[in-house]
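Undergrad: I need the structure of the sequence given here:
(chains A and B)
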Amino acid sequence: MPSKGYGRHRYFGPEDGDVQLSDPNQPAGDSGSFLAMTDERLILIFKMGNSEAFAELFRRYNDSIYGFFRRRLENPGRAEELSQETFVALLRGIERYEPRSTFRSYLYGIAMKILMAERRKAVKQESTPAGNFDIGADFAMDASIWVQRAIEQLDADHRDILLLREYEQLSYEEIAVLLRLPVNTVRSRLSRARTALKAFLLPLRPEMRNEP
Amino acid sequence: MSAEPHAFQQEELMAYLDGELSGERALALADHLAHCTECSSIAEDFCSLSQQLNAWRVDPSPLVWSSLQAVQVVDVTSLASKGKPAASKFSLRSVVRKINLLPVIQQRWVWGLAGVFAVLVVAISSLVSYMIASHSVTAFYNLHLSPSDLRDVKHYLDLERLIATGRLNVPLGLVAGPIEPTNTETTRDSVPNIGPAPRSVTADTAPMIAKTASLSLTVKDVDAARASLEQVAKKHHGYFADLSTEMQSDGGHSLTASLRVPTGELDPALAALRNLGQVLEEKQGGEEVSQRYVDLKARLLNSRRTETRLTDLLVKRTDKLEDVLDVERELASTREEIERMEAQQRNMKDQVSYASIALKLTEQYKPAFNLAPPATSTRVRNGMVDGYHAAVDSALTLILFLLQNGPTIILWLVILFFPARWTWRKLRTANIPKLVVVL
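TA: A predicted model of the protein is given here:
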């Protein structure tokens, strides 16, 4: 069986979906031991007053959350602000967190709400490629632009699911909870999104197809 | 995919590659991929797509932990020291969730307290309604609230009827004081006042007693006694309510009379009457009618006030024919009641002011003294008549006897006939000597 997520992200701790509630009364230990702890245990330790646990969580998800906003917003500065707002919201509402779902689902849920609020205020919903499309430019820039342009052509519903799956590496169930959809709907839309994206990316230069 | 049916759909293949497929299904698909080139090709396309998507990379987050700490709004140390949650935003929903009413509702004292509260609410509302109604009645009877202040004529009439039937009690202090009657004839017919007009219904005057007496005498001569009776009545300012005489079977006369004399003259009159003959029987009695008189007076006052208000209402308020008829009807009923009560009042006063003496005079027995005997023919004739009467009476007596007892006699004869005949035949057979034939 292939590892979960054939993308490029890796996870610390147990497999996703296994919400392990360790005894919060156990001594937290030094910061080095935080690396082996699950997200849920770190939250519990943080709720008991250990700020180092939250620092570890911040380290783990800082780039992910920033990437979440960066791929959906045009302005990098705005993406940074919303990332900070996400962690601040997490701090403020930490007491409302209950281990009914994974911490990652909870965190991305906060990020999604902030993103929705931003979209309601913004003129453009998604990030658009900066600059014009230039075939003769650097290859890496071209590939990124190609992918962005292809993703932009997807339907909004399909695009959100594809991004959450491909870049945030959320499971079908986590995506379903986040978007409040049935799991089967998530799977079918993801399948259609990938099929459509494949068609959009087909006109790419042959060199890109084999690019690892 | 090809037109041939595959055991696995593209979605399942995608889910398998994402690690979202269940164990048994995943094993089956893995085995299928080992043999199916088409599905393997599709799987490679999915993997290639994912790799292409990796081309879109973003810069690392410029956000640092120190900047986050600068905007931290929650005191982490306060969370650790007491284990209490941070000051969360107050919301009514959170308060309602925290208040668990179920244990409170299960307590019996809560239900008892609720019941007491409900009873108090009902009692207070009833008391307030009664006070409002009483205030209306009070103001109405003090003439502070004129009929025009009431909602309509019907409400006024309903109020009057409630008071008349006693379902709405008027405070006693309101039914007080003399009132000028609208009909002056009532004052002419009224009996002389026996005392001052009471200010309160519970009058404190002397008791009113209607005295009665009965006297039975034996006199020598009823005619002479009658003349004496008339003198006694005249002397004591009395009068005969009725008088009658009759002849008794023994030839004597008797007299029955009802003599009315002023209450103060009762005793002297009785003493005078006793002297007329021999007293066979005497009785005296008195009935106190004070309370009845007072009640009657109060009701009469109320009715007169009602008459006044109805008359005023008829003049001022009524503009609809239906209302006029209602008021007229009510006014007629009230006046009729006033007249009836006035008659009762007069009668009661009369009973108190005059005592009644029932007299019965009986003449002593005196056989007739006849000097001349009757003639012979008259005596014969009287004998024949008496004989005829005796014969008729005896025949009639026999007939009546047979009619009354005949059916009973016949019934027993029928019952006893056959047993009697059998017994008779037996007796006859026993008495016949037997002829013995010697051969």
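
Undergrad: show the pLDDT at the residue nearest to B:Ser40 when sequence neighbours are not counted.
TA: The spatially closest residue to B:Ser40, leaving aside those adjacent along the chain, is B:Leu33, at 5.4 Å (C-beta to C-beta, 6 or more residues apart in numbering or on different chains). C-beta here means a position set from N, CA and C on the backbone, and glycine is covered the same way. Looking at B:Leu33, its pLDDT stands at 87.

Undergrad: so what's B:Leu33 up against?
TA: Contact analysis of B:Leu33 by C-beta atoms under 8 Å, 6 or more residues apart in numbering or on different chains lists B:39-40, B:43.

Undergrad: neighbour-wise, which of the residues you listed leads?
TA: When neighbours are counted as other C-beta atoms under 10 Å in any protein chain shown, the busiest of the contacts of B:Leu33 turns out to be B:Cys39, with 22 neighbours.

Undergrad: my read: that residue touches B:Glu12, true?
TA: No. Counting by C-beta atoms under 8 Å, B:Cys39 stays clear of B:Glu12, with 9.8 Å between them.

Undergrad: the most centrally placed residue in chain A and A:Ile161, how far apart?
TA: Among the residues of chain A, A:Glu168 comes closest to the average C-alpha position under C-alpha atoms, centre = their mean, at 2.8 Å. Between A:Glu168 and A:Ile161 the distance, using C-beta to C-beta, to the nearest Å, works out to 11 Å.

Undergrad: lowest average confidence across helices and strands of chain B, where is it?
TA: The helix or strand of chain B with the lowest confidence, counting by mean pLDDT, DSSP states H and E, is helix B:185-189 at a mean of 43.

Undergrad: list the helices and strands the next helix or strand after that helix packs on?
TA: In the C-terminal direction, the helix or strand that comes right after helix B:185-189 (DSSP states H and E) is strand B:209-219. Secondary structure elements in contact with strand B:209-219, counted by 3 or more C-beta pairs under 8 Å, 6 or more residues apart in numbering or on different chains; DSSP states H and E, are helix B:266-274, strand B:278-288, helix B:321-353, strand B:354-363.

Undergrad: now with 10 Å?
TA: helix B:222-235, strand B:253-262, helix B:266-274, strand B:278-288, helix B:321-353, strand B:354-363 (3 or more C-beta pairs under 10 Å, 6 or more residues apart in numbering or on different chains; DSSP states H and E).

Undergrad: what residues of the second one count as buried?
TA: Okay, so that is strand B:253-262. Along strand B:253-262, these residues count as buried under the neighbour rule (16 or more other C-beta atoms under 10 Å in any protein chain shown): B:253-255, B:257, B:259-261.

Undergrad: what is the burial count for the residue in chain A that chain B sits nearest to?
TA: Of the residues in chain A, the one nearest chain B is A:Gly49, at a distance of 2.0 Å by C-beta to the nearest C-beta. By the measure other C-beta under 10 Å, the count of residues near A:Gly49 is 17.

Undergrad: now B:Ser249
TA: Around B:Ser249 sit 5 other residues, with neighbours defined as other C-beta under 10 Å.

Undergrad: distance check, it against B:Gln364.
TA: Taken as C-beta to C-beta, the spacing of B:Ser249 relative to B:Gln364 amounts to 15 Å.

Undergrad: my read is the residue nearest to the centre of chain A is in a helix, agree?
TA: No. Applying DSSP: H, G, I helix; E, B strand; the rest coil, one finds A:Glu168 to be coil, outside a helix.

Undergrad: let me see the contact set for it.
TA: Taking C-beta atoms under 10 Å, 6 or more residues apart in numbering or on different chains as the criterion, A:Glu168 is in contact with A:5, A:7, A:9, A:64-65, A:67-68, A:71, A:104, A:108, A:111-112, A:174-175, A:178.

Undergrad: residues near B:Glu287, how many?
TA: For B:Glu287, the number of neighbouring residues by other C-beta under 10 Å comes to 12.

Undergrad: can you give me the distance of it to chain A?
TA: Distance of B:Glu287 to chain A, computed by C-beta to the nearest C-beta, to the nearest Å: 93 Å.

Undergrad: quick check: bridge partners of that residue?
TA: Beta-bridge pairing for B:Glu287 (DSSP bridges): B:Ala210.

Undergrad: can you list the low-confidence ranges for the stretch 251-400 of chain B?
TA: Within the stretch 251-400 of chain B, the stretches with pLDDT under 70 are B:317-319, B:365-372.

Undergrad: in it, what residue lies closest to chain A?
TA: Distances between the stretch 251-400 of chain B and chain A by C-beta to the nearest C-beta are smallest at B:Lys320, namely 68.6 Å.

Undergrad: and that residue, how many residues sit next to it?
TA: As a burial measure, B:Lys320 scores 11 neighbours (other C-beta under 10 Å).
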